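J.: let's see this in three dimensions:
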Amino acid sequence: MAGFYRVLIRRSINLVVVLFLVLVLTVSLLGETMDKILTDNIRQEVVGSMGDNKIKFQSAEAQQQYLDQQIRLRIKNLGLDEPWYSPNRFFNTVFKVMALDLGRSYFYTSESGSPEVQDIIAERVPRTLLLFTSATVITFVFGLYLGPYLAERSGKTIDKANVFVSMFSNSLPTFWVGMIMIYLFAFIVPVFPARSTPASSPSDPLYIIDLLYHMALPLITLVTLSIAVQSYFVRLFIVNILDEDFIKAKRAIGVPKKKILYSHALRNAAPPLLNSIIIGLASSFGGALLVETVFDWPGIGRLFYEAITVFDTPIIIGLVYVSTLIYLASVFLTDLAYSFFDPRVKAIS
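T.: From the prediction side, this is the model:
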């Protein structure tokens with residue numbers, strides 16, 4: 001048990017360090033560009049507000065002095081009077097984000113009207129989880145059935161065909177396939193809507209049904225591209241286990257082939273399979289940007305794209321942090337599970 005606690009402490013420190021380094025890199029990359037865009041936005045807002053201002057100026061110089069004063073005041077209030085790399089501002093930004101104080105969006109609000117980045121992201125995460133978790137579960141179930149079947153027929157025509165299909169589908173860009181699916185099933189055969197954003201509001205009693213209907217096309221696309229790949233990975237694990245002595249012994253005593261495949265072999269392949277599923281699901285947050293943008297699915301991927309187009313830096317930094325946190329937390333929990341249940345991992349750790 002002492003070894004497990006050492007692993008726990010070591011993994012926790014690694015997680016915090018990686019999060020810190022990712023945030024430092026993100027803020028550094030956005031630094032000067034962020035300041036320039038924010039300053040330009042402030043200038044435009046102040047100049048735009050002059051149209052509603054009833055103050056009369058004696059000259060154009062006096063008006064310009066007032067504008068410059070208001071701009072300087074806004075810049076100071078936002079902490080932009082110091083360079084982005086100044087220790088006070090830089091580390092204050094990083095540590096605030098690490099404490100989940102993500103600030104306010106410059107351009108967006110949540111459906112409830114909140115400009116807080118935390119609220120905006122929290123509203124989008126369940127939708128991304130719904131889409132990618134559903135796709136992962138469906139492909140996993142198909143993979144668990146097809147993988148052992150293909151492993152038993154390793155080297156035969158059907159196995160070779162699955163290898164080809166998995167390599168082919170894995171090489172296709174998801175966004176390109178998504179555009180083809182939209183063209184086929186939203187325009188040629190109009191079964192699904194072209195946009196996956198529900199027409200109804202979240203307060204509508206039928207919103208969930210509307211959401212699921214709009215989710216159907218991106219879900220079908222993800223599952224279609226992933227089934228052969230998932231089956232191939234399951235088949236790889238099962239093939240290795242079928243060569244083990246205990247499997248040969250069970251065959252020798254007459255245990256049915258189906259029971260060997262779907263009970264004994266699959267059960268022994270469960271830990272690495274579960275690990276690949278968890279890591280794959282966590283990684284999908286990084287790949288959500290293109291998929292959700294193409295289908296117009298209202299998740300964090302599309303939010304990321306929209307934030308990049310208008311350079312809404314609080315949302316960009318917040319999404320990078322949340323996506324990294326979800327991925328690292330998944331890896332962290334998987335490592336802990338292995339360390340707790342597998343004595344070999346404890347010995348290595």
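
J.: CA only for contacts and neighbour counts going forward, please
T.: Noted.

J.: grab the nearest non-local neighbour of T26.
T.: Spatially, and ignoring its direct neighbours in sequence, T26 is nearest to I317 (6.9 Å; CA to CA, 6 or more residues apart in numbering).

J.: quick check: the one you found vs A199, distance?
T.: Counting by CA to CA, to the nearest Å, the gap from I317 to A199 is 29 Å.

J.: picking that back up, can you give me the neighbour number for the residue nearest to T26?
T.: Neighbourhood size, I317 [other CA atoms under 10 Å]: 23.

J.: show me the contacts for it.
T.: L23, T26, V27, L102 (CA atoms under 8 Å, 6 or more residues apart in numbering).

J.: for it, which three-state class applies?
T.: Using DSSP: H, G, I helix; E, B strand; the rest coil, the structure places I317 in helix.

J.: tell me how many other residues crowd S263.
T.: Count around S263 with other CA under 10 Å applied: 11.

J.: is it located within a helix, as I assumed?
T.: Yes: counting by three-state DSSP, S263 falls inside a helix.

J.: which ones are touching it?
T.: Per CA under 8 Å, 6+ apart, neighbours of S263: none.

J.: one more: V234?
T.: Going by CA under 8 Å, 6+ apart, V234 touches G143, L144, G147, P148, L273.

J.: among the residues you listed, which pair sits farthest apart?
T.: Greatest spacing in these, by CA to CA: P148 and L273 (12.5 Å).

J.: right, and V191 touches F185 too?
T.: Yes: with contacts counted by CA atoms under 8 Å, V191 reaches F185, the gap being 5.5 Å.

J.: more neighbours: which of the two?
T.: In terms of neighbours (other CA under 10 Å), F185 is the more surrounded of V191 and F185; the figures are 15 against 12.

J.: any figure for the gap between the more buried one and G178?
T.: Per CA to CA, F185 is found 10 Å from G178.

J.: what about the protein, any weak spots by pLDDT?
T.: Applying pLDDT under 70 to the chain flags the ranges 1-4, 7, 31-58, 60, 63, 71, 74-85, 88-89, 282-287, 337-349.

J.: for the contacts of V234, which one is nearest I241?
T.: Lowest distance from I241 to the contacts of V234 (CA to CA) belongs to P148, with 10.5 Å.

J.: name the element that closest one belongs to?
T.: According to DSSP states H and E, P148 maps onto helix 117-152.

J.: any buried residues in that helix, and which?
T.: 117-121, 123-125, 127-129, 131-133, 135-136, 138-140, 142-152 (16 or more other CA atoms under 10 Å).

J.: give the contact list for I227.
T.: Neighbouring residues of I227 by CA under 8 Å, 6+ apart: T139, F140, F142, G143, S166.

J.: got it, and V24?
T.: V94.

J.: and it, how far from L15?
T.: Distance from V24 to L15, counting by CA to CA: 14 Å.

J.: and D101, which of the three is it?
T.: Here D101 is coil, with the state taken from three-state DSSP.

J.: R195: how many residues sit nearby?
T.: Neighbourhood size, R195 [other CA under 10 Å]: 19.

J.: give me the phi and psi for it.
T.: Main-chain torsions, R195, degrees, to the nearest 10: phi -110, psi 140.

J.: my read: it touches M215, true?
T.: No: between R195 and M215 there is no contact under CA under 8 Å: 9.5 Å.

J.: which residue sits closest to L328, ignoring its sequence neighbours?
T.: L15 is the one closest to L328 (CA to CA, 6+ apart), at 6.5 Å.

J.: good, wrapping up.
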